[in-house]
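[1] A structural model of the following input is requested.
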Amino acid sequence: MSSWIHEPLNRQLLEDPRINGGRAWCVLNLNGNRLLRVYNSALTIAHYMIPFILNLTSALIILISTSRKKSDARHLKYTTVLKNQLNEHKDLLISPIILLLLALPRLIFTFAFSCIHQNAWQKYFLLFGYLLSFVPQTAKFLMLVLTSQLYKQEFCKFVKRQIKRRDRQQ
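    Model prediction:
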């Protein structure tokens, strides 16, 4: 939260010249300070990349350390155990990559378009990219449950139980 402290201090109200009677927009104005623009851009990128890197790194550390322990305990070749672990737990690696890919449009549009002066297609494209970036938050079920064999099996069992329960009640 403290990393965005500069935003409220650099916001200003601007009237939209395209609307009669004016409409006020609260706009972040960083034009006067190049250092602040660089800082804001770096923060935006960091807020997208750091969770991805942490998630992917922690998954790799877990898989590598588990593979080492299994190869030592069972006297198996480390690379074979690691390949098996990667194949068995690929959902740990796929999820952060999907999250990053779905967040990329919002990150790109953050730097690509200005706020007020846009063509109609840019507005809809920006809106689509912005809404697409919220898919990870709303689709965690698809990414985390359906990519994992164990969770997927448990979900299927749950659905079957609910269907049976509903059929009994009717």
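[2] Give me the packing partners of the longest helix seen in the chain, helices and strands only.
    Selection of the longest helix in the chain by residue count, based on DSSP state H, yields helix 34-74. If contacts are counted by 3 or more CB pairs under 8 Å, 6 or more residues apart in numbering; DSSP states H and E, helix 34-74 sits against helix 6-9, helix 78-88, helix 91-112. C-beta here means a position set from N, CA and C on the backbone, and glycine is covered the same way.
[3] Could you list the low-pLDDT ranges of this structure?
    Scanning the chain for pLDDT under 70 picks out 1-4, 7-8, 21-22, 27, 112-119, 122-123, 126, 129-130, 133-134, 136-138.
[4] wait, is residue 13 part of a helix?
    No: counting by DSSP: H, G, I helix; E, B strand; the rest coil, residue 13 is not part of a helix but strand.
[5] Dihedrals phi and psi, the nearest residue to it once chain neighbours are set aside?
    Leaving aside its chain neighbours, residue 13 sits nearest to residue 24 (4.7 Å; criterion: CB to CB, 6 or more residues apart in numbering). The phi and psi torsions at residue 24 (degrees, to the nearest 10) take the values phi -80, psi 130.
[6] can you tell me which residues contact residue 24?
    13, 14, 15, 16 (CB atoms under 8 Å, 6 or more residues apart in numbering).
[7] Was I right to think the first one contacts residue 25?
    Same thing as residue 13. Yes: if you go by CB atoms under 8 Å, residue 13 and residue 25 touch, sitting 7.1 Å apart.
[8] When the two are compared, which one has more neighbours?
    Summary of the neighbour comparison: residue 13 and residue 25, criterion other CB atoms under 10 Å, with residue 25 having more neighbours (13 against 8).
[9] Okay, and the beta partners of the more buried one?
    When bridges are assigned using DSSP bridges, the partners listed for residue 25 are residue 14.
[10] Any chance of the backbone angles for residue 161?
    Residue 161 has phi and psi values of phi -60, psi -40 when expressed as degrees, to the nearest 10.
[11] From residue 65, how far off is the residue nearest the centre of the chain?
    Of all residues in the chain, the one closest to the mean position by CA atoms, centre = their mean is residue 99, 3.7 Å from it. Between residue 99 and residue 65 the distance, using CB to CB, to the nearest Å, works out to 23 Å.
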